[in-house]
Structures are given as C-alpha cells and as structure tokens.
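J.: test case, fold it:
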Amino acid sequence: MCRRGENIYHRKDERWEGRYHKGRKANGRLLYGYVYGKTLEEVQEKLRPLKKSAELTLNLYGKSVVTFNEWSIQWLNELQATLKPATYASYLHKLKKYLWKPLGELPMYQLDAKAIRSAVDSWKLEGLACSSIKVFFRLLTQAMAHAIKQGMIEKNPCESVDLPKVIKERVRALSLSEQRKLEKVVDADSDHRSKTVSLALRTGMRIGEIAALKWDAVDLERRLIYVNQTYQRICYGNGKKSELQLGPPKSQTSQRVIPMSEKVHSLLENLKTNKAADFVFTTKGKPCEPRLLTKHFHRILKKAKLTGIHFHQLRHTFATRCLEAEEKIFPVSRLLGHYSVQLTSDIYYDSQLGERIDVVTSMDKLVG
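T.: The predicted structure is shown next:
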C-alpha cells in the first residue's frame with residue numbers, strides 16, 4: 001500500500017519504505033533516495049529533512065548533483081561511436097577500476113581539485129606507475145571538459161592539480177650478438193609462426209600488425225609491405241567475454257609502407273606456400289592471436305638461452321639497428337609510424353651515441 005502523495009510504502013516484510021527525489025541521472029531520469037523504518041511515523045520523520053536538503057541542493061547545484069560515475073558512463077556512451085572498440089574498452093576499464101573507486105560516488109559539484117589530489121594519492125599508494133596515473137588523469141580531464149560543454153560545471157578542476165613527474169624508462173634494444181643468436185634459432189625452427197620474430201626484427205612491425213598481415217598487403221614484386229590493420233584481443237570487462245578484432249592500426253601515422261630487405265623478401269617468399277590463406281601467419285585459416293605468437297616467441301627465447309626480453313623490444317631493436325647503420329632519423333621515424341621525429345629521437349637517443357662520441361673527440365682534437 002502506498003501513502004498517497006508521500007511515496008511511502010508498506011512492504012511485505014512489514015517494514016515501511018519511503019523514497020524521495022535526490023536529483024536526476026545523467027540521462028535526465030529521476031534519481032531516488034530511500035529510507036526504511038518499522039513504522040509509518042518513523043519513515044515520515046526520516047524523510048522530512050532529507051526531502052528538504054535534496055530540494056535545496058537541487059535548486060543550488062541543478063544538474064551537477066549527478067554523480068561522477070553516472071556522468072562518466074553517459075559521456076562514454078555518447079563518445080562510443082567515435083572510438084575504436086579497443087579504445088572504448090580501455091576507457092571503460094579505466095573508469096571502472098581506477099576512477100570510480102575514489103571519485104564515482106561524488107556529485108559533480110563536489111568533484112574538485114582536493115578530491116582529485118586525494119585520488120592521485122590513492123593511486124600512488126597502490127603502487128601505480130606515474131605514467132599510468134597520467135593516463136587516468138588525462139581521461140578524467142576529457143570527461144570534465146565535456147561536462148563544461150554540457151553546462152554541468154563551470155571550470156575543469158583538473159587544471160588546478162599537479163601530477164607527479166613521469167620518469168621515462170628507456171626500452172633496451174637487443175645487442176647485435178643477441179639479435180644474431182635469436183635469428184639463428186628462428187632460421188632453424190620449423191614452425192612458420194616463429195618467423196614473426198625475424199619479421200619484427202627486420203621491419204619494426206608491432207605484434208598486432210604482424211598478426212593482421214594479409215598476403216594482399218605484401219607486394220613481393222615491388223618488395224613492399226603495407227601496414228593497414230592490427231589484430232588484438234579486446235576485453236570489455238563487466239563479465240563480458242573478451243574478443244579478437246581486426247581493426248585499423250594504432251594511429252593514422254601507423255598506416256605506412258615498409259620496404260623489404262633481402263632477408264625479409266626471402267622470408268616472405270618461403271612462407272608463401274599456401275596461396276589459399278588470406279593471412280601470412282595463420283592457425284586453421286584464421287589470423288594467429290598475438291598471445292599465441294608471444295608464446296612462440298618465448299619458446300624461441302628459451303632455445304636461444306636469452307631471458308628478460310619481451311616482443312616489443314624487437315621493434316626497438318629494428319629502430320636501433322637502422323640508426324646505427326645510417327643515423328638518419330627521419331626515414332626511421334616514418335618506418336616506425338611515429339607521429340613525430342622528436343618522439344623517435346627521444347626514444348632512441350642511445351643509438352645516436354656514436355655521433356656524440358665523434359663530436360666530443362673532435363672537440364678534444366680542436367682544443368688540444
């Protein structure tokens with residue numbers, strides 16, 4: 001039974017339940033708060049101040065009474081059509097696992113610089129890397145910027161928060177002897193999927209790009225490889241199963257053309273025995289999952305008696321060898337699909353050590 005005009009109900013468990021309007025959800029629907037009591041009078045007594053407080057808050061803050069988790073999921077749903085599935089899944093995962101825990105229940109008008117600094121401190125206590133904290137902060141900044149556009153808040157609180165400085169860890173390239181040892185094992189291995197190791201070392205392609213490589217993107221006559229898609233496993237979280245998806249590369253500049261060296265041309269010619277297959281590296285006619293290729297990579301590492309190396313270091317090794325051979329950073333940047341030469345220079349500055357040694361030696365000779 002409902003008390004007319006009061007939103008008070010007598011429940012089957014003999015308790016009384018009262019509800020009141022707390023505000024509105026991000027989609028405009030009413031948001032309710034609930035109280036319970038043993039008697040009608042008890043619930044009425046509890047409801048009175050809550051209704052008054054909610055009414056005052058709503059009049060004062062309007063639609064910014066919406067909680068951050070409500071707002072952020074609405075924002076992400078609006079954004080979904082413009083995002084790659086992998087990017088959407090990544091954003092959703094970061095919101096749920098890292099942003100909602102410290103900030104999710106706060107109404108938007110209370111999400112200020114102090115609350116954000118507290119969230120940053122909680123991430124540091126969890127032992128998260130400064131680079132990860134920067135990624136979460138960037139996502140939060142995007143959400144709050146959109147809230148300003150929608151008239152939800154007036155100022156982005158992230159602008160008043162200073163993040164801990166990120167110390168970039170430089171990825172080690174394999175030494176020339178390590179590379180030769182690794183390629184010797186690959187050449188002797190009978191499984192065609194192990195050849196992905198040599199392809200990464202000789203082209204700088206990412207593991208997802210190699211997994212997605214189709215024969216129609218390989219021009220053996222002109223000796224060119226067209227990098228135009230990637231294959232990756234996307235995890236949506238929230239109980240949903242992960243799935244493998246073919247999609248465009250990491251960025252627009254990642255779509256590139258890579259000339260084949262003699263080694264790569266020979267490798268691909270030898271692999272092209274099954275012309276019916278669409279993909280260069282296949283399992284039962286389908287592209288090889290990157291996790292499977294990683295498994296083969298570790299098998300090769302074990303045979304070569306090398307440890308502490310991950311697949312992405314093969315890409316770094318390619319770039320380092322190119323710069324050691326020619327020291328021409330612009331073409332190497334384009335081969336890697338970097339958006340700027342500066343990025344390439346920052347990552348692979350060690351490979352240009354020879355240039356700096358020459359400069360210092362010349363300076364010594366000049367000074368005497």
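J.: pretty sure residue 73 sits against residue 99.
T.: No: using CB atoms under 8 Å, residue 73 is not in contact with residue 99; the gap is 10.8 Å. Any C-beta I mention is one placed from the backbone N, CA and C, and that applies to glycine too.
J.: which one's more surrounded, these two?
T.: residue 99 (21 against 18; other CB atoms under 10 Å).
J.: name all residues that make contact with that one.
T.: With contact set as CB atoms under 8 Å, 6 or more residues apart in numbering, residue 99 has these partners: 68, 72, 119, 136, 139, 140.
J.: so which of those residues is surrounded by the most neighbours?
T.: residue 72 (28 neighbours).
J.: need the pLDDT of that one.
T.: pLDDT for residue 72: 91.
J.: contacts only, for it.
T.: By CB under 8 Å, 6+ apart, the neighbours of residue 72 are 95, 99, 100, 104, 143.
J.: look up how far residue 46 lies from the fourth one.
T.: From residue 104 across to residue 46, the span is 25 Å (CB to CB, to the nearest Å).
J.: what does the second one give?
T.: Distance of residue 99 to residue 46, computed by CB to CB: 32 Å.
J.: restricted to helices, list the contacts of residue 99.
T.: 68, 72, 119, 136, 139, 140 (DSSP state H).
J.: does the third one touch residue 103 like I think?
T.: So the one you mean is residue 119. Yes: using CB under 8 Å, residue 119 is in contact with residue 103, at 5.5 Å.
J.: how long is stretch 53-70 end to end?
T.: Distance between the two ends of stretch 53-70: 21 Å, counting by CA to CA, to the nearest Å.
J.: my bad, stretch 199-215
T.: 14 Å.
J.: so who does the residue nearest to residue 37 when sequence neighbours are not counted touch?
T.: In this structure, residue 37 finds its nearest non-sequential neighbour in residue 43, 4.1 Å apart by CB to CB, 6 or more residues apart in numbering. Residues counted as contacts of residue 43 (CB under 8 Å, 6+ apart) are 8, 16, 17, 18, 35, 36, 37.
J.: go on, residue 210?
T.: With contacts defined as CB under 8 Å, 6+ apart, the neighbours of residue 210 are 196, 199, 200, 280, 281, 293.
J.: so where does it fall, helix or strand?
T.: helix 207-211 (DSSP states H and E).
J.: chain center to that helix: distance?
T.: 16 Å (CA atoms, centre = their mean, to the nearest Å).
J.: who does the helix or strand just after that helix pair up with?
T.: Next in sequence after helix 207-211, counting helices and strands by DSSP H and E, comes strand 218-219. Here strand 218-219 is paired, per DSSP bridges, with strand 224-227 (antiparallel).
J.: for the partner strand, buried residues please.
T.: Neighbour-count burial for strand 224-227 flags 225, 227 (criterion: 16 or more other CB atoms under 10 Å).
J.: could I get the full set of helices for the stretch 151-300 of the chain?
T.: 176-188, 195-203, 207-211, 262-271, 290-304 (DSSP state H, counting those that start in this stretch).
J.: among those helices, which is nearest residue 90?
T.: helix 207-211 (13.8 Å; CB to CB).
J.: could you pull up the mean pLDDT of the closest one?
T.: pLDDT averaged over helix 207-211 gives 93.
J.: just the CA atoms of that helix, as PDB, please.
T.: Taking C-alpha atoms only, helix 207-211 is exported to PDB below (Å, rounded to 0.1, in the frame of the first residue of the first chain):
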ATOM      1  CA  ILE A 207      52.900  -7.800 -32.900                       C
ATOM      2  CA  GLY A 208      49.200  -6.900 -33.600                       C
ATOM      3  CA  GLU A 209      50.300  -5.600 -37.100                       C
ATOM      4  CA  ILE A 210      52.200  -8.800 -37.800                       C
ATOM      5  CA  ALA A 211      49.200 -10.900 -36.700                       C
END
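J.: how does the chain divide into domains?
T.: Using automatic domain parsing, the domain ranges for the chain come out as 2-63, 68-160, 176-313.
J.: any chance of a markdown table for those domains, columns distance to residue 323?
T.: Shown next, in a markdown table, are these (distance: least, CB to CB, whole Å):
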| stretch | distance to residue 323 |
| --- | --- |
| domain 2-63 | 49 |
| domain 68-160 | 24 |
| domain 176-313 | 11 |
